[in-house]
Structure formats: structure tokens, C-alpha cells
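In: need the 3D shape of this:
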Amino acid sequence: MRVLRIVPWGIVTILVLTVTFSGVANALEAPPELSSIAYAVYDADYGYVVLEKNAYQRRSIASITKVMTLLVATELVEEGKLSLDAKVTASARAASREGTQINLKTGDIVTVEELLYATALQSANDAAVALAEYVAGTEEDFIKLMNNKAEALGLADTHYVDCTGLLSIFSNNFSTAFDQVRLLREALDHELLRSILGAPDYLLQSQDRRIKNSHPLLDVPGVEGGKTGATTPAGHTLITSCVRHEKRLIIVVLGARSREVRNDENEKLLEWAFGNLRTLISNEEVLTPVVIPDGVEHQVNAVLASEFAVVAATEADLKYGTDIEILPSLRAPVDRGDKVGELVVNRGGEEFVRLDLVAQQSTGLATWLRRIFNSLTRIFRGNG
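Out: All right, here's what the predicted structure looks like:
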């Protein structure tokens, strides 16, 4: 049921809708029971946690750490401060880094691009250290950049002491499931990093061989990529981004007891979440008419630019209130798809998300005589 009430608010009109959603077509599925120590399902479009377990607990995260390593370097590339073609000479320190490697030898020459792909796809520790040293001079100075970025992003429960994730919370190297889903959301806003994380393979020309992406869910429909990790203190970790029905969800699992469990539970959360995705307002539904006084068509329908859809764990998650705020002083011509306002969605008495309202049709620009007629019509109808 929707109860409409028009309230003047300064120069902006708010159309208030009280919305109750019940009796959804398909019953909601209960969340899966998982053994991993921590996990989070995150709506990357609206920026909220749908489902979690110990998501705010500081933990070792293993090689998921490298998402920040990649983000710091990628932003420097985008800013023109770092070239993908730049030649990097591997140091003895980089070549000797234990764990997963591409087997760099001291003095090997590789490009920044090769190091980015090796760090992302193979989780290569030697490549990550070589990249960090080239960017900042030393790994220690690169770590400062990582921690500065974490602070700038508001990742209050994240701290780095290496660029690989080999070190654990016992060395003050830690994060949370909550911080990591937000970090990957930021990383995916960068086209270069999105393409790297989602690449199925890459040719390392310096070694004349092709490396494959180690992310285990790349073949799952909609999966964009993410990052794997495993150390004894961290257990097995995996973060995954997936887009279906124009909705991006990010799932992270921390502290799984095996690689198989990690992969299985990450996929179970992904399928559960998209199975419980519900469209509450389509982008075809007319939410309010909007007057454009100087248009040939002096009224347009306001619709959502994209549908309002949420993942619901319970029926209570489907209950929202909405306000419509129309932009003041809209003038013709207004084209189909132009923004005319915002839908403010409220949940539990607090603002949940703002969604763009757009014109469903174009207005054109009326002649001066038509504009006068439109204005008089509005006055006589009491809308002036």
C-alpha cells in the first residue's frame, strides 16, 4: 500500500510514500550454515552489509592484503605517476620473498604491468615486493602508502605491515571482513584494476609463459574476480565480486579450514544472496509527474534510473519508506533519461540510499506563446 502526501519544502517538492512490501512472490531462503570463522555479504551498489558473521572482528587476512597493494599502484598509474611499461629490476629482497612466487631472480627485469598481473592472478609475493620497492623505494615506505589509503577510505580496523599478507595479526597485520568488502568496492571503481582482477590469464613476456588467474569462481556466472589467500594464522580466505541483474555483490570468507571449504562457502553465500534478491520498485514504474512549464510537453513522468532491488535475509528487510525530492527550477528542454530528482529510501527511520529519478520522456522546448499558455493553465489549476 502506498499513501501519497505532497509537502512543500523550500523550493523542492517532496512526495512522501509509505511503502510496505509483503507477500513476496517467492519465499525467502534462510542463510546457509557455514563453518568459516568470519564472512560478509555486501551490497556494493547501496553500501551495506546484508549478512555477516564476525565481520567486524580483526583477523589475519593473508593475500587478500594484495588488493590494497594493487589499488595503491593502480591509482598511481591512473594519475600518470607510474607507467605500465616501466622496467623494474628485481632486488634480492624481492626475489627471496617466500610463499607463492613467479620465481623472480635477482636482477630480472620485468614491467610494472607484469608485476600487477602476477600479484593479482598468481598472488606472487616476489612480484608484490618488487612492485612496492619500485613505487616507493622500499617496502616499508610503500606500506606507509597502504596505511594512508586505508585511513583515507575509513578502514578503521585495517593495518598493514607488509604488502603480501604473509605476516599475521601477531605482527600487527590485520583487517576485517567489513573493511575488505568496502576496499574491494573501491578497487572495482578503477577500470584498470577491474580488468586485471577479472583477467582469466596473462602472458608474462619476460618469462615467456602464460599465468592463470587463481580465483576459483571465475567460471561462475557474473563473477568479476577478486582475491584468494591462505596462511596458517589466517586460514583460507577469499573475496569475490559478482554482478547479476545489474546488482553488484561482494562476498568475503575468512578463516576457512581448507581451500575447498573456502571456495564452497563463498559460492554458497553468493547463490543465497542472488536467490534472495527482490525488486521492490522497477525502473518502469511512474513514481510522480513532474511539471516542466516551458516544454512542448509540459509534464514528464519521473521513474528510477535503475530498479530498486535489495537482498533480503528476512521479511523485515523488505519494508521501506520513501521520499521523492524533485530538483528545483527544472527548465526545458528535458531529454529522456535526464535527472529530475531523487528517491530517498528510508529504513528503520534512517536514510538508507538515494536513487536518481529520471524523465521517462523528452519535453522539447515550447514557443514563447505556448510557455505563456502553460503558465496560465498552471495558475488556473492552482499549481502556480
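In: distance-wise, check Glu224 relative to Asp189.
Out: Using CB to CB, to the nearest Å, we find Glu224 at a distance of 12 Å from Asp189. All C-beta atoms are positioned from the backbone trio N, CA, C, and that covers glycine.
In: the two: which is more packed in?
Out: Counted by other CB atoms under 10 Å, Glu224 and Asp189 do not tie: Glu224 has more neighbours, with 18 against 11.
In: SS state for that one?
Out: Of the three states, Glu224 takes strand under DSSP: H, G, I helix; E, B strand; the rest coil.
In: give me the neighbour count for the spatially closest residue to Val243 that is not a sequence neighbour.
Out: Nearest-residue entry for Val243: Gly222, 5.1 Å, with adjacent residues in sequence omitted and distances by CB to CB, 6 or more residues apart in numbering. Here the count is done by other CB under 10 Å, and Gly222 has 16 residues near it.
In: residue contacts, Gly222?
Out: Residues touching Gly222, when contacts are defined by CB atoms under 8 Å, 6 or more residues apart in numbering, comprise Cys242, Val243, Arg244, Phe274.
In: in PyMOL, select just the buried ones from those.
Out: To isolate the buried subset of those in PyMOL, counting by 16 or more other CB atoms under 10 Å, use the following:
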select buried, resi 242+243+274
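In: between the contacts of Gly222, which is nearest Glu98?
Out: Proximity of these to Glu98 (CB to CB) peaks at Cys242, which lies at 32.0 Å.
In: who's in contact with Ala234?
Out: For Ala234, the contact set (CB under 8 Å, 6+ apart) comprises Arg59, Ser60, Ile61, Ala62, Gly165, Ser168, Leu254, Gly255.
In: ranking the residues you listed by neighbours, who comes first?
Out: When neighbours are counted by other CB under 10 Å, Ile61 leads the contacts of Ala234 with 33 neighbours.
In: what distance do you get for Thr232 to Ala313?
Out: Distance of Thr232 to Ala313, given as CB to CB: 33 Å.
In: which one of the two is surrounded by more residues?
Out: It is Ala313, of Thr232 and Ala313, that has more neighbours when counted by other CB under 10 Å, with 17 against 8.
In: so who does the more buried one touch?
Out: Contacts for Ala313 (CB under 8 Å, 6+ apart) come out as Leu28, Pro31, Val50, Leu51, Asn276.
In: would you list these in JSON lines and tack on distance to Leu197?
Out: What follows is the contacts of Ala313, written out as JSON lines (distance: CB to CB, whole Å):
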{"residue": "Leu28", "distance to Leu197": "31"}
{"residue": "Pro31", "distance to Leu197": "26"}
{"residue": "Val50", "distance to Leu197": "22"}
{"residue": "Leu51", "distance to Leu197": "23"}
{"residue": "Asn276", "distance to Leu197": "25"}
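In: among those, which lie within strands?
Out: Counted as lying in strands by DSSP state E, out of the contacts of Ala313, are Val50, Leu51.
In: now, of the contacts of Ala313, which are buried?
Out: Buried among the contacts of Ala313 (16+ other CB under 10 Å): Leu28, Pro31, Val50, Leu51, Asn276.
In: ok, back up a step: for the contacts of Gly222, which one is nearest Ser195?
Out: The nearest member of the contacts of Gly222 to Ser195, counting by CB to CB, is Val243 at 14.2 Å.
In: buried residues, the strand or helix carrying the closest one. List them.
Out: Taking DSSP states H and E as the criterion, Val243 maps to strand 235-244. Neighbour counts using 16+ other CB under 10 Å place Gly235, His236, Thr237, Leu238, Ile239, Thr240, Ser241, Cys242, Val243 of strand 235-244 among the buried residues.
In: next one: stretch 92-100
Out: When burial is assessed from 16+ other CB under 10 Å, stretch 92-100 yields the following buried residues: Ala94, Ala95, Arg97, Gly99, Thr100.
In: count of residues packed around Ala27?
Out: 9.
In: do the same with Glu79
Out: The local packing count at Glu79 equals 8, with neighbours defined by other CB under 10 Å.
In: over to Ser83?
Out: Under the neighbour criterion other CB under 10 Å, Ser83 is assigned a count of 12.
In: before we move on, what about Thr176?
Out: Around Thr176 sit 24 other residues, with neighbours defined as other CB under 10 Å.
In: now it, nearest residue through space, not along the chain?
Out: On the basis of CB to CB, 6+ apart, the spatially nearest residue to Thr176 that is not a chain neighbour turns out to be Asp157, at 4.6 Å.
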